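A.B. asks: Just need the structure, nothing else, for what follows:
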Amino acid sequence: MLNPCRLRQKRGIQRFILLTLGLGLAALAKPVSAAFSKPSSGDSLSLEQFLGRVRQSHPVITQARILADQGLTQIQEARGAMDPRVSFMQQRKTWEDKLELGLQDFDLRVPTLLGPDFYVGFDQSEGSKVNPQSGTIPGGQWKSGVRLPLGREGWINRRRTDLRQAYVMADMASAQRDQIINDILLDAAQDYHRWEASQRQTDIYTEALGIANDVLNFVRYAAEIGERPFIDTLEAGIQQRTWQQRLEEARIKEIEARFALAVHLWDSLGVNELSRSYRRSVHAVVLPSPAPVQDSATYAGYLAEHPRIQMLQNDIAQQELELRWLRSRLLPQLDLEWSLTPLPGSSPSYNIGSGGQFTGINVDIPIFLRRERARIERQKLNLTSRQWQLEWTSAGLRQDLERSLQQYNLYRNLLVLQEKLVVENRRMLEAEKTRFQAGESNVFLLNQREVNLINAEVKVVELQLQQHLNVLQQYHLSGLMNRYALQP
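C.D. replies: Next up is the predicted model:
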């Protein structure tokens with residue numbers, strides 16, 4: 001029979017251990033997000049702040065915006081083919097102070113989009129050895145006229161085709177910009193959620209290690225005074241080292257996630273903030289799906305406007321324009337030219353009776369057309385290849401999106417089940433503490449209940465991460481990453 005003083009001391013030690021365990025395990029049993037959602041104000045970084053800075057200062061996104069500006073310069077370059085051109089030529093040849101040849105030629109030509117070229121100019125020739133074909137009336141003469149291409153360079157000409165292709169290339173550059181932004185925001189948001197999950201797991205194991213240290217200290221003290229067997233200290237030590245090992249592993253993952261996150265952080269001067277360590281993230285709730293699962297029409301519209309689909313469609317449009325121009329090469333070339341030359345000394349006039357006229361015709365008819373037909377066949381093959389690529393890409397995006405939608409519901413159901421397991425494991429831990437207080441349990445069983453609860457909490461964090469990544473994939477496949485985390 002125990003001494004009453006000895007019995008009171010034993011019960012006091014048990015109550016002290018249970019009080020410490022109760023406070024520690026009660027803190028551990030709280031949802032991790034409750035403690036995680038209150039970061040320090042100076043070092044915290046929310047998802048909205050992070051993605052806002054990525055959209056504003058990421059160098060790849062800045063480079064993508066330059067692509068769209070380059071597309072506009074292609075339009076300006078194509079329009080340059082219709083710029084008016086001014087030319088002037090003067091030649092003089094003398095021999096023994098006598099003028100043998102003096103030529104002056106001034107031209108102003110205005111090309112048009114539809115093909116005709118208008119021109120106006122002034123010619124003057126003098127001297128004893130002027131070619132009679134190039135001779136002019138003394139004092140020079142004005143000229144004006146038009147060159148009208150028909151057939152091959154008539155309706156479908158190179159200038160018009162280049163301008164249309166420039167507009168298509170500008171649209172393709174805009175789609176390429178949107179695709180790059182879509183990809184960068186996906187990578188950045190994924191890295192943020194992984195960083196957040198790694199911090200939450202580190203918090204869980206930190207609390208677990210703190211409780212294990214307290215349990216080890218008190219069990220060791222109880223064993224020294226003979227109230228607990230020394231084997232309990234071994235059990236408590238194993239548990240403490242296990243949590244310490246998992247904590248170190250979680251810290252390694254957190255460091256990797258933090259450096260992966262820092263790659264996306266740039267300031268307005270283009271300096272990477274890799275050296276800065278944001279100590280806390282802000283717990284981000286799982287955003288809803290971009291549209292209801294049964295709303296197939298909405299997702300069909302998203303896929304039709306996806307940047308990757310837009311790029312392929314613009315590429316096909318460009319190839320079709322090139323094919324039309326190549327087919328026009330099969331037509332014969334027919335150029336008509338007409339000009340009039342008013343009387344010398346008069347102002348430019350279109351009155352035919354005031355001067356002479358010049359008319360010309362140029363005909364070029366290819367015979368076998370082997371080069372033209374080969375180019376057309378090659379262009380048809382290129383166009384067919386891009387059309388198949390569009391079909392394959394559309395089908396792949398559609399299948400990936402449907403798979404992601406089905407996984408979204410499964411992850412949501414799994415998360416509900418796992419949260420129930422957390423609640424049930426918390427109740428089992430409370431029950432085991434009661435049994436331990438009554439002397440019907442031991443440290444081993446108490447540790448097992450604690451391990452089950454910690455594993456369940458970690459699994460919740462992992463499932464929430466998977467759900468975040470699944471929603472991100474839906475936004476990315478829908479081409480809507482620029483809207484992610486911007487809901488009111």
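
A.B. asks: Which residue ranges of the stretch 251-400 of the chain form strands?
C.D. replies: 280-281, 333-342, 355-364 (DSSP state E, counting those that start in this stretch).

A.B. asks: Where does the prediction get shaky in the stretch 101-250 of the chain?
C.D. replies: The model of the stretch 101-250 of the chain has pLDDT under 70 over residues 133-134.

A.B. asks: of the strands of the stretch 251-400 of the chain, which approaches Val110 most closely?
C.D. replies: Closest approach to Val110 among these (Cβ to Cβ): strand 333-342, 13.9 Å. Quick note: C-beta positions are derived from backbone N, CA and C, even for glycine.

A.B. asks: And the average pLDDT for the closest one is what?
C.D. replies: The average pLDDT within strand 333-342 is 81.

A.B. asks: could the strands of the stretch 251-400 of the chain go into a markdown table alongside distance to Ser174 and mean neighbour count?
C.D. replies: Formatted as a markdown table, the strands of the stretch 251-400 of the chain follow (distance: least, Cβ to Cβ, whole Å; neighbours: other Cβ atoms under 10 Å):
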| stretch | distance to Ser174 | mean neighbour count |
| --- | --- | --- |
| strand 280-281 | 33 | 22 |
| strand 333-342 | 37 | 17 |
| strand 355-364 | 40 | 11 |
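
A.B. asks: nearest to His468, of those strands?
C.D. replies: strand 280-281 (12.0 Å).

A.B. asks: Domain parsing of this protein, as residue ranges.
C.D. replies: 4-77+161-322+377-483, 78-160+332-365 (automatic domain parsing).

A.B. asks: I'd like these as a markdown table, with distance to Arg371 appended.
C.D. replies: Output for the domains of the chain, formatted as a markdown table (distance: least, Cβ to Cβ, whole Å):
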| stretch | distance to Arg371 |
| --- | --- |
| domain 4-77+161-322+377-483 | 11 |
| domain 78-160+332-365 | 14 |
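
A.B. asks: give me the number of residues near Lys420?
C.D. replies: Look at Lys420: counted by other Cβ atoms under 10 Å, it has 11 neighbours.

A.B. asks: And Ile181, by the same measure?
C.D. replies: Neighbours of Ile181 (other Cβ under 10 Å): 21.

A.B. asks: re the thing from before, check the domains of the chain for me and report the most buried one.
C.D. replies: domain 4-77+161-322+377-483 (a mean of 17; mean count of other Cβ atoms under 10 Å).

A.B. asks: re the thing from before, which of the strands of the stretch 251-400 of the chain sits closest to Arg412?
C.D. replies: strand 280-281 (22.4 Å).

A.B. asks: what is the mean pLDDT for that closest one?
C.D. replies: pLDDT averaged over strand 280-281 gives 64.

A.B. asks: for the protein, which strand is longest?
C.D. replies: Counting by DSSP state E, the longest strand found in the chain is strand 98-111.

A.B. asks: Let me know which of the strands of the stretch 251-400 of the chain is the nearest to Leu414.
C.D. replies: Minimum separation from Leu414 across those (Cβ to Cβ) falls at strand 280-281, 23.1 Å.

A.B. asks: so what's Asp335 up against?
C.D. replies: Each residue near Asp335 by Cβ atoms under 8 Å, 6 or more residues apart in numbering is listed here: 147-150, 153, 360-363.

A.B. asks: if we go to 6 Å?
C.D. replies: 149, 362 (Cβ atoms under 6 Å, 6 or more residues apart in numbering).

A.B. asks: before we move on, what about Leu323?
C.D. replies: Leu323 makes contacts with Gln379, as judged by Cβ under 6 Å, 6+ apart.

A.B. asks: how far away is it from Tyr167?
C.D. replies: Leu323 sits 17 Å away from Tyr167, taking Cβ to Cβ, to the nearest Å as the criterion.

A.B. asks: neighbouring contacts of stretch 113-132?
C.D. replies: 82, 99-111, 134-136, 140, 142-144, 146-149, 153-154, 157, 160.

A.B. asks: try stretch 433-447
C.D. replies: Against stretch 433-447 from outside (Cβ under 6 Å, 6+ apart): 18, 232, 235-236, 239, 432.

A.B. asks: beta partners for the closest residue to Gly360 other than its chain neighbours?
C.D. replies: Closest residue to Gly360 apart from its sequence neighbours, by Cβ to Cβ, 6 or more residues apart in numbering: Glu337 at 4.2 Å. Beta-bridge partners for Glu337, by DSSP bridges, are Arg147, Gly360.

A.B. asks: Of all the strands of the stretch 251-400 of the chain, which one comes closest to Val458?
C.D. replies: That would be strand 280-281 among the strands of the stretch 251-400 of the chain, by Cβ to Cβ, at 17.0 Å.
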